[in-house]
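> model this:
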Amino acid sequence: MPCTFVPKTADTLPLHVLSEDALTGWSADQPAAVQNWIGANGFTGALGQSLVIADAEGKPAMALVGYGTPKARLRGRFHLAGAATTLPEGSYEIVSGLPEDAAETEALGWLLAGYAFDRYREQSPLRARLVAPADLDVARIEAIAAGEVLTRNLINTPASDMGPPDLADAALALAKQHGAEIEIIVGDDLLTQNFPMIHAVGRAADRAPRLIDMRWGKTGPKLTLVGKGVCFDTGGLNLKPGASMGLMKKDMGGAAAVLGLAHMIMATGQDLQLRVLIPAVENSVSGNAFRPQDILTSRKGLTVEINNTDAEGRLVLADALAYADEDAPDQIISMATLTGAARVAVGPDLAPYFSDDPAFVSALEAAAAATADPVWRMPFHDPYEAMIEPGIADLDNAPKGGFAGCITAALFLRRFVTESPYAHFDIYGWQPAAAPARPKGGTGQATRALHAALLPILNR
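Numbers count the residues shown, from 1 in each chain. Here you go, the predicted structure:
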């Protein structure tokens with residue numbers, strides 16, 4: 001089922017959104033039969049509850065969904081999406097009870113509740129379809145939903161069908177859809193065009209590494225998005241244990257996120273010049289794999305000592321970031337499923353980010369709250385710079401000790417951006433357990449918040 005609104009028809013049911021404290025007052029204005037039906041079915045207005053009420057002829061006349069209490073709503077998001085999955089088949093129009101400031105988020109959540117990854121197996125569609133609430137920008141909400149669907153589909157696709165060539169094909173399709181320009185540098189051409197670390201990380205795989213470079217827009221400020229596209233991460237010669245390797249199809253989650261965000265930007269026609277850079281590789285094991293203790297020279301000229309081949313994401317991002325910085329855009333943003341340390345710090349639901357720009361932070365935090373897309377600021381802590389300096393090279397890709405792992409990774413990346421404002425997102429890209437509007441599997445993080453915050457950030 002596409003994540004889109006449906007038109008209102010004669011069969012559309014009116015839908016009342018009722019919080020627990022509003023139910024008594026609303027029910028008192030209803031006929032006795034309605035009051036009795038509500039009581040008999042135990043409908044209290046709790047989050048996730050739904051109830052269809054019939055007319056005198058036994059035909060559906062309206063539906064109710066619970067909106068809980070303010071305290072209960074603080075413990076989650078996309079509250080109507082939970083009820084949407086329990087309603088019977090049909091189309092519904094919200095006619096009362098939904099707070100105006102929540103309408104866009106709840107409508108988006110309902111659309112996303114219709115998402116199912118059905119590439120390999122037919123899935124049951126969401127039976128309850130929503131008529132767009134009045135006064136909302138329908139095209140914008142549907143564009144945001146489509147961007148999120150793109151991100152989820154890319155992450156959910158296993159590496160057998162989502163290697164570097166397939167990720168490049170997805171970018172090509174997106175570029176064609178929006179009339180963007182795209183260039184893809186493949187294999188040994190990465191060496192001749194000075195992307196040595198992207199090549200080093202990806203050279204052991206049967207599917208050649210590549211750098212995807214997409215551009216869109218001719219006016220407005222310049223924004224460059226850089227996404228980590230490690231399509232599968234074995235850990236390289238520092239091989240991961242099986243339990244840690246199980247989810248590594250999602251190690252291109254940063255690339256999936258920036259492509260989803262790029263769709264949102266292009267589909268809504270934001271006035272900016274967009275560039276998307278994705279180093280797409282597989283970190284594989286072979287006789288020509290890069291090794292611990294190797295020293296690699298980056299595009300920027302900085303040398304990097306390899307102390308763990310499983311810290312490969314920052315290597316491919318470094319070359320792409322250096323390339324992005326040469327253009328001196330108004331903002332560079334990187335997104336990557338980069339460190340386990342970030343998950344230990346904030347868990348799977350929050351998107352930790354790094355920025356020293358107060359205007360960026362202010363705009364992003366406000367947008368995150370407004371879009372139910374939570375983020376958490378982490379520090380570029382300068383005293384930790386010494387931890388990423390090994391002595392025999394400029395940089396260490398995996399400082400010993402494990403302390404502050406997400407911070408040292410962000411500091412490493414920052415070394416490759418010297419001419420442009422820079423922010424980095426260390427996302428998880430995966431929903432470990434199903435929640436309203438977020439089935440278990442790949443998910444976007446911080447993309448909706450960024451989409452809402454970009455123009456304030458770029459026009460600062």
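
> Low-confidence stretches in the protein?
Residue ranges of the chain with pLDDT under 70: 1.

> Check it for its longest helix and report it.
Taking DSSP state H as the criterion, the chain has its longest helix at helix 138-156.

> all strands of the stretch 351-460 of the chain, in order?
In the stretch 351-460 of the chain, the segments counted as strands under DSSP state E, counting those that start in this stretch are 351-354, 375-378, 395-396, 422-426, 430-431, 441-442.

> ok, and what's touching the helix or strand that I212 is a member of?
Element membership of I212, judged by DSSP states H and E, is strand 210-216. Here strand 210-216 makes contact (CB atoms under 8 Å, 6 or more residues apart in numbering) with 164-165, 167-168, 171, 174-175, 178-187, 190, 195, 198, 202, 229, 255, 262, 265-266, 273-281, 319-320, 323. Heads up, the C-betas are built off the backbone N, CA and C, glycines and all.

> let's see it at 7 Å
164, 168, 171, 175, 178, 180-186, 190, 195, 198, 266, 274-280, 320 (CB atoms under 7 Å, 6 or more residues apart in numbering).

> before we move on, what about stretch 286-306?
194-197, 200-201, 203-204, 236-238, 307-309, 315, 318-319, 322-323, 390, 392-397, 415-416.

> From the recorded domain assignment, give the ranges for the protein.
Annotated domains of the chain cover 13-114, 141-458 [automatic domain parsing].

> of all these, which gets the most neighbours per residue?
domain 141-458 (a mean of 21; mean count of other CB atoms under 10 Å).

> Determine how far the last residue of that domain lies from the first.
22 Å (CA to CA, to the nearest Å).

> cool, and stretch 113-129?
Using CA to CA, the end-to-end distance of stretch 113-129 comes to 10 Å.

> Inside strands: which ones of the contacts of strand 210-216?
Judged by DSSP state E, strands contain the following of the contacts of strand 210-216: 181-186, 274-280.

> farthest-separated two in those?
The span of those, defined through CB to CB, is set by V186 and L274 at 22.5 Å.

> on contacts alone, who are the packing partners of the helix or strand where G260 lies?
Assigned by DSSP H and E, G260 falls within helix 253-267. Packed against helix 253-267 by the contact rule (3 or more CB pairs under 7 Å, 6 or more residues apart in numbering; DSSP states H and E) you find helix 138-156, helix 164-178, strand 222-227, strand 273-283, strand 331-336, helix 447-458.

> What distance do you get for L450 to G109?
Counting by CB to CB, to the nearest Å, the gap from L450 to G109 is 18 Å.

> what does G217 give?
Distance from G217 to G109, by CB to CB: 29 Å.

> Could you do L239 as well?
For L239, the distance to G109 equals 40 Å [CB to CB].

> go on, N36?
Separation of N36 from G109 (CB to CB): 31 Å.

> same deal with M162?
Distance, M162 to G109, by CB to CB: 26 Å.

> what's the answer for H263, then?
Relative to G109, H263 is positioned 19 Å away (CB to CB).

> now V149
Applying CB to CB to V149 and G109 gives a distance of 13 Å.

> for A204, same thing?
Using CB to CB, A204 is found at 42 Å from G109.

> So what does the nearest residue to Q35 once chain neighbours are set aside look like in phi/psi?
Among residues not flanking Q35 along the chain, S27 sits closest, at 5.3 Å (CB to CB, 6 or more residues apart in numbering). Main-chain torsions, S27, degrees, to the nearest 10: phi -60, psi -30.

> in terms of contact, does F425 touch T447 like I think?
No: F425 is beyond contact range of T447, at 9.2 Å (criterion: CB atoms under 7 Å).

> Give me the common contacts of these two.
The contact sets of F425 and T447 do not overlap (CB under 7 Å, 6+ apart).

> picking that back up, can you redo the strands of the stretch 351-460 of the chain as TSV with distance to T85?
Below are those laid out as TSV (distance: least, CB to CB, whole Å):
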stretch	distance to T85
strand 351-354	25
strand 375-378	27
strand 395-396	48
strand 422-426	29
strand 430-431	15
strand 441-442	16
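
> wait, which of the domains of the chain is closest to D135?
Going by CB to CB, the one of these nearest D135 is domain 13-114, 7.9 Å.
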